[in-house]
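A.B. asks: Curious how this folds, go ahead:
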Amino acid sequence: MKWKSRLESSTPSNAQIRVFDDTIEVWNPGSLPDNWTVEKLKQKHESIPKNPLIANQFFLIKFIEKWGTGTNDMIKECLDWGLPEPEFEDTGTSIVVTFRKTKFTEEYLEKFGLNERQLKIIEYLKGHNKINRKIYCNICGVEKTVAHKELSYMVKRKIIKMVGKGRATHYILRM
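C.D. replies: This next block holds a predicted model:
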């Protein structure tokens, strides 16, 4: 009976990799084991491969180190590289893993109520890694008091981080 249920749950679909400007999505046909959620993938968990014979062969040829650690390894690697955690989604027919280039997407930034100048500076920081108040003033065409106020707002909202003191003060994106 187990064999029959595995055949019924199989799908003729192929894995897909979708590449966009700011994300990469990996679509794998199938579903999570019964009673599992995507949250369980982010915790220490056992491995329940759909095909243990194939999984064991990959283990024997050292293509995988051990079972049940892949999702946690992906999360760790992303965080080590300063990237947001990958997002896991179970669509019912596929498991989708989305890797983001940055967490500072339009959707993420909308909740902070930033003005156009602040959004412009976030884009600047994505490419230049740091900014100081003088550069802010030059890019946005504002006085230093306005730049200070707008930078402080983003620091308080934990969007950017202030580094250094005095003339050496600059701001970076907070990962």
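
A.B. asks: from memory Leu41 sits against Asp73, does it?
C.D. replies: No: assessed by CB atoms under 8 Å, Leu41 is found out of contact with Asp73, at 11.3 Å. C-betas here are computed from N, CA, C, even on glycine.

A.B. asks: More neighbours: those two, which one.
C.D. replies: Leu41 (20 against 11; other CB atoms under 10 Å).

A.B. asks: hey, where'd the strands end up in this protein?
C.D. replies: 16-19, 23-29, 87-90, 94-100, 160-163, 170-173 (DSSP state E).

A.B. asks: pull the CA atoms of the first one into CSV?
C.D. replies: What follows is strand 16-19, C-alpha atoms only, in CSV (Å, rounded to 0.1, in the frame of the first residue of the first chain):
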residue,chain,number,x,y,z
GLN,A,16,12.4,25.0,-12.2
ILE,A,17,14.8,27.8,-11.5
ARG,A,18,13.3,31.3,-12.1
VAL,A,19,15.8,34.2,-12.2
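
A.B. asks: Residues contacting that strand, please?
C.D. replies: 24-27 (CB atoms under 8 Å, 6 or more residues apart in numbering).

A.B. asks: between the strands of the chain, which gets nearest to Lys130?
C.D. replies: Closest to Lys130 of the strands of the chain is strand 170-173 (CB to CB; 4.6 Å).

A.B. asks: for that closest one, packing partners?
C.D. replies: helix 116-128, helix 144-156, strand 160-163 (3 or more CB pairs under 8 Å, 6 or more residues apart in numbering; DSSP states H and E).

A.B. asks: Now for Gln43: which residues touch it?
C.D. replies: Asn72 are the contacts of Gln43 under CB under 8 Å, 6+ apart.

A.B. asks: what residue ranges in the chain score low on pLDDT?
C.D. replies: Applying pLDDT under 70 to the chain flags the ranges 1-12, 66-68, 175.
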